[in-house]
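Undergrad: Here you go, sequence then predicted model.
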Amino acid sequence: MADLRKQGIVTKVRTLKSGATVGGIPFARGPLAHLLRNRFYIGQVMFKGEVLAGEQPAIVDRDLFDAVQAKLSEQLNNYKTERMKSEALLAGRIFDDRGNRMTPSHVRKRGIKYRYYLSSALLQGQPERAGGVSRIPAAEIEGVVVRSVRDHLNQSEEIEDAVLISTHVARIQVQSDQLVIELTNAKGIGSKRSRSRNMLKVSWHKTPLRRRREILVPASVSPQDARAIRFETRALLIASIARGRRWLNELIANPAANAENIATRDGCSVRKVNMTISLAFLAPDLVKAAIEGRLPHGMGVVRLADLPAEWPRQHQMLGLPAQ
C-alpha cells in the first residue's frame, strides 16, 4: 500500500446520482484485497455464486492470480489465528469517529509492555484522515467498555471479558466525549438476520498523556522531598495485586485449593503465595494510588505485603494519610 501511495494510485472515482463523487482515495487493505480477488481480470465473471467464462480477455496470468489467492488466504488465516490469540479484547470492533478501524499495537519500555489502539490512518501514514481520538491506551478503553456492557446487560463477573465482548458487542466508535457501543442481542441461533442491535452511549474522555500526580506523602517526609514510586516498582506491584486477587478467588471458589497447590503449580514458594494474597486486602485508596502512580518512593511489594487487614491500621503502619 505504501508503494501505491508513492505512485499516486488511488481507488476509482465514481459519480453518484446526487452529483457527489466517491473514491479517489488511497487503497486500504479491504479494497486492495477485493481488487486482487476480482476474477474479471482472468477472463471470468461471478454470477449467483458460480464462476463463469466471461467475454472479456484475461489480462492477468492464471498462475500468478492463483498464487496471489493462496497468499491472501494464508494471510487471512494467520490474521484470524493471531486475532484469536490476541489479548486485545476490542480487535476488529473498535473504530475512530471517521470510520477508521483502530488496530492493536504496543510498545515496550524498560521491559514493560504498553498496549494501545491506533487509528489505521496513522499506520498508513495519513494522520490527517484520523479521527478526533487516534491513539488510546488499550487497558483504559477495554475497562470502560467491559464495565459499561456488564452493567447495561446485568452480566455476572463469571462471564469472561472476551466472551462478553464477542457475544454482545458489534462495534465501538471512539468519539472525543463519548463511546458509542453497538450491542448485538442474539434472538436466534446461527442467523445474523435474526439479531437486533441497539446503541449504548457512554460518557468518556481520554486520559491526558501527562497529568499532575498528587503523591501520598508520608508523615516523616516533607512535601518538597516527596518522590513518586518508581515505574518498574509500580508495574510489579500492580501485577502482584492482580495475581493475589486471582489466587484468593481461587481459594474461595475451590475448597480443594490451598497455598501449597498454588505454589507447586506456579513454581514459587508457599510464603510468596501467602504474601501475594495479602495484597488482595489492601485498602482501595492504596490500590488506586498504586495504579495512578501516586504512592511514594519505596512503597513496593515488599513494603505493602503482609499488612494488617484493617484499612486504618494499614495507613498508620505506612505513615500515609487516609483518603
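TA: Ah, there it is. Numbering: from 1, shown residues only.

Undergrad: hang on, Lys113 packs against Ala88?
TA: No: the criterion here is Cβ atoms under 8 Å, and Lys113 misses it with Ala88 at 11.9 Å. C-beta here means a position set from N, CA and C on the backbone, and glycine is covered the same way.

Undergrad: which of the two has more neighbours?
TA: Ala88 (21 against 10; other Cβ atoms under 10 Å).

Undergrad: Quick check: closest non-adjacent residue to that one.
TA: Pro104 (3.6 Å; Cβ to Cβ, 6 or more residues apart in numbering).

Undergrad: same thing with Ala305?
TA: Met275 (4.3 Å).

Undergrad: so the one you found, which of the three states?
TA: helix (DSSP: H, G, I helix; E, B strand; the rest coil).

Undergrad: Need the per-residue pLDDT for it.
TA: pLDDT, Met275: 95.

Undergrad: contacting residues for it?
TA: Val301, Ala305, Asp306 (Cβ atoms under 8 Å, 6 or more residues apart in numbering).

Undergrad: if I read this right, the first one contacts Ser240, doesn't it?
TA: What that stands for is Val301. Yes: using Cβ under 8 Å, Val301 is in contact with Ser240, at 4.9 Å.

Undergrad: okay, and the common contacts of the two?
TA: Thr276, Leu279.

Undergrad: Next up, the contacts around Ser73.
TA: So Ser73 contacts nothing (Cβ under 8 Å, 6+ apart).

Undergrad: oh sorry, the question was meant for Pro137
TA: Contacts of Pro137 by Cβ under 8 Å, 6+ apart are Tyr114, Arg115, Tyr116, Thr207.

Undergrad: quick revisit: what subset of the contacts of Met275 is buried?
TA: Val301, Ala305 (16 or more other Cβ atoms under 10 Å).

Undergrad: Let's see which of the contacts of Met275 end up in helices.
TA: Val301 (DSSP state H).

Undergrad: Mind putting the contacts of Met275 into TSV with pLDDT and distance to Asp61?
TA: Output for the contacts of Met275, formatted as TSV (pLDDT from 0 to 100; distance: Cβ to Cβ, whole Å):
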residue	pLDDT	distance to Asp61
Val301	92	63
Ala305	93	67
Asp306	90	71
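
Undergrad: between the contacts of Met275, which is nearest Ile141?
TA: Val301 (27.7 Å; Cβ to Cβ).

Undergrad: List the contacts of the closest one.
TA: Thr233, Leu236, Leu237, Ser240, Met275, Thr276, Leu279.

Undergrad: Is Arg37 in contact with Gln69, as I believe?
TA: Yes: using Cβ under 8 Å, Arg37 makes contact with Gln69 at a distance of 6.7 Å.

Undergrad: all helices of the stretch 51-200 of the chain, in order?
TA: Using DSSP state H, counting those that start in this stretch, the helices of the stretch 51-200 of the chain run over 62-85, 120-123, 138-153, 161-168.

Undergrad: if we can go back for a sec, list the contacts for the residue nearest to Ala88?
TA: Ser86, Ala88, Ala91, Arg115, Tyr116, Tyr117, Ala138.

Undergrad: Distance-wise, check it relative to Thr167.
TA: Here Pro104 is placed at a distance of 20 Å from Thr167 (Cβ to Cβ, to the nearest Å).

Undergrad: cool, and Gly54?
TA: 42 Å.

Undergrad: Number of residues surrounding Thr11?
TA: Thr11 is flanked by 16 other residues according to other Cβ under 10 Å.
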